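Novice: quick one, what's the 3D model for this:
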Amino acid sequence: MSQPRTENPYRWIIIGVGALMTCVGIGAMFSLAIFLQPMSADTGWSRAGISSAMTLNFLVMGVAGFAWGAISDRLGARIVVLAGAALLGLALVLASQTTTLAAFQLIYGTLVGLAAGAFFAPMVAAATGWFETNRALAVSLVSAGIGVAPMTVSPFAAWLVAAYDWRTAMMVIGIAAWILLLPAGLLVRRPPAAAGAPSPAGEIGNLSAGRAFRTPQFAILAGTFFLCCAAHSGPIFHMVSYAITCGVAPLAAVTIYSVEGLAGLGGRLLLGILADRLGVKRVLVAGLLVQAVVIGAYLFVANLGEFYLLAVIFGTAYGGVMPLYAVLAREYFGQAAMGTVFGAVTMASSIGMALGPLAGGWVFDTFSVYNWLFIGSFGIGLAAVAIALAFPPLPSRQGRQLQPA
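Specialist: Numbering: from 1, shown residues only. Here you go, the predicted model:
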């Protein structure tokens, strides 16, 4: 029986780099929510048209995350994140100079999505390989960058838009991405276990990607992640615009987004710790239920204080559940093809994320209110809870192998 390896202190560098990359990468992508209103006013482009760039972004990010994850399994995460960092800066600089909606949709939706897909799945997969204990907390810390993004990138984008214009703001964020992420990418290393021969694929808890894809566990994991993201993506993306339609001042509305991000950061840490202690499935189901209820409650808000209250709960719920899917993927299927498997699960989630921005833009353009967006998202959130309840017990390392369906 092999002895557990000593935990390498360099794992915390990996966590820090991963958190920075998810913060800048996802923050730059979601900064489109800040640009939405000034872009529409400046160019005359419809909100649905601008939002469709975000929809394309998520679709491309999902496919790219799968591809980047597979490449990271073979070549390591460093080359993947360096390529993503170079591409992200280039995409934002080019998108800032577009003069037609079609060009913006193509450049922003395709290139930013391709770049953003290089960070989350490969760095989460790398982090799970560096941690034998407290894995849920480790993944939560990497994804904490997503929670930090609304408190850093979004206010920075809002300040740049107010001081200059949306084009300058987008270009500056692209240059900042180069400055921050290219040096950070050089710090990424393979987990110590990856330096030697990998464990044979197909052992319990260490399935090959092909076998993992044929299991019911993968179908349930991907389906739950898809519905979870389909439920919260629209409310997140359109929250600033929704608050403005409710009478909240634009700069104050941006702070709601930041409060959600702060709560999401706390939720990632809280639910990560609880998952290590109480079990991942139990915590995931509870978080999904809270998310659905709060989405429905947004229909009844009327002032900034109520937006803040719901933002704290909503951010804690959706932020806390997001890292748990990676933990389930690692525990069900092992490390051998973690990048590929989690990349595939992330692709399903990205398709779900793609629905919300476009649906929200269409709802507002059609009805001039966002009510149906929140009603639909509430129903989808409840469906995510129902599917999550079907998760089977985690496999025992001394038990039988997971069997394809």
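Novice: can you map out the helices along the stretch 1-150 of the chain?
Specialist: In the stretch 1-150 of the chain, the segments counted as helices under DSSP state H, counting those that start in this stretch are 11-30, 32-43, 47-75, 77-95, 101-106, 113-116, 120-130, 135-163.
Novice: the second one vs helix 77-95, what angle?
Specialist: In other words, helix 32-43. 20 degrees (axes from the mean of the first three to the mean of the last three C-alpha atoms, to 10 degrees).
Novice: and helix 32-43, average pLDDT?
Specialist: For helix 32-43, mean pLDDT is 86.
Novice: got any ranges where this structure has weak pLDDT?
Specialist: 1-7, 193-207, 393-405 (pLDDT under 70).
Novice: ok, now how distant is residue 49 from residue 92?
Specialist: Relative to residue 92, residue 49 is positioned 19 Å away (C-beta to C-beta, to the nearest Å). In this view, the C-beta of every residue, glycine as well, is placed from N, C-alpha and C.
Novice: higher neighbour count, the two?
Specialist: residue 92 (27 against 19; other C-beta atoms under 10 Å).
Novice: just checking, the more buried one touches residue 169?
Specialist: No - applying C-beta atoms under 8 Å, one finds residue 92 not in contact with residue 169, separated by 9.7 Å.
Novice: tell me the most buried of the helices of the stretch 1-150 of the chain?
Specialist: helix 120-130 (a mean of 28; mean count of other C-beta atoms under 10 Å).
Novice: now do the same contact list for the closest residue to residue 232 other than its chain neighbours.
Specialist: Setting aside the residues directly before and after it, residue 232 is nearest to residue 318 in space (C-beta to C-beta, 6 or more residues apart in numbering), at 4.6 Å. Contacts for residue 318 (C-beta atoms under 8 Å, 6 or more residues apart in numbering) come out as 228, 232, 236, 264, 267, 287, 291.
Novice: ok, now which ones touch residue 91?
Specialist: 107-108, 111-112, 114-115, 174.
Novice: swap in 6 Å and give it another go.
Specialist: Counting by C-beta atoms under 6 Å, 6 or more residues apart in numbering, residue 91 touches 111-112, 115.
Novice: of the helices of the stretch 1-150 of the chain, which is nearest residue 310?
Specialist: Among the helices of the stretch 1-150 of the chain, helix 135-163 comes nearest to residue 310, with 14.9 Å by C-beta to C-beta.
Novice: the helix or strand just after that closest one versus helix 135-163: what angle between them?
Specialist: Sequence order places helix 166-185 as the next helix or strand after helix 135-163, per DSSP states H and E. Counting by the same axes, to 10 degrees, helix 166-185 lies at 150 degrees to helix 135-163.
Novice: tell me what helix 166-185 is packed against?
Specialist: helix 11-30, helix 32-43, helix 77-95, helix 135-163 (3 or more C-beta pairs under 6 Å, 6 or more residues apart in numbering; DSSP states H and E).
Novice: give me the angle between the third one and helix 120-130.
Specialist: In this structure, helix 77-95 runs at an angle of 160 degrees to helix 120-130, with the same axes, to 10 degrees as the basis.
Novice: export helix 77-95 as PDB, just CAs?
Specialist: The C-alpha coordinates for helix 77-95 follow below in PDB (Å, rounded to 0.1, in the frame of the first residue of the first chain):
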ATOM      1  CA  ALA A  77      -1.200  23.800 -17.300                       C
ATOM      2  CA  ARG A  78       1.700  26.300 -17.800                       C
ATOM      3  CA  ILE A  79       1.700  26.400 -21.600                       C
ATOM      4  CA  VAL A  80      -2.200  26.600 -21.600                       C
ATOM      5  CA  VAL A  81      -2.400  29.500 -19.200                       C
ATOM      6  CA  LEU A  82       0.400  31.400 -21.000                       C
ATOM      7  CA  ALA A  83      -1.400  31.100 -24.300                       C
ATOM      8  CA  GLY A  84      -4.700  32.200 -22.600                       C
ATOM      9  CA  ALA A  85      -3.000  35.200 -21.100                       C
ATOM     10  CA  ALA A  86      -1.600  36.400 -24.400                       C
ATOM     11  CA  LEU A  87      -4.900  35.900 -26.200                       C
ATOM     12  CA  LEU A  88      -7.000  37.600 -23.500                       C
ATOM     13  CA  GLY A  89      -5.100  40.900 -23.700                       C
ATOM     14  CA  LEU A  90      -5.100  40.800 -27.500                       C
ATOM     15  CA  ALA A  91      -8.900  40.100 -27.600                       C
ATOM     16  CA  LEU A  92      -9.800  43.000 -25.400                       C
ATOM     17  CA  VAL A  93      -7.600  45.500 -27.200                       C
ATOM     18  CA  LEU A  94      -9.000  44.400 -30.600                       C
ATOM     19  CA  ALA A  95     -12.600  44.500 -29.300                       C
END
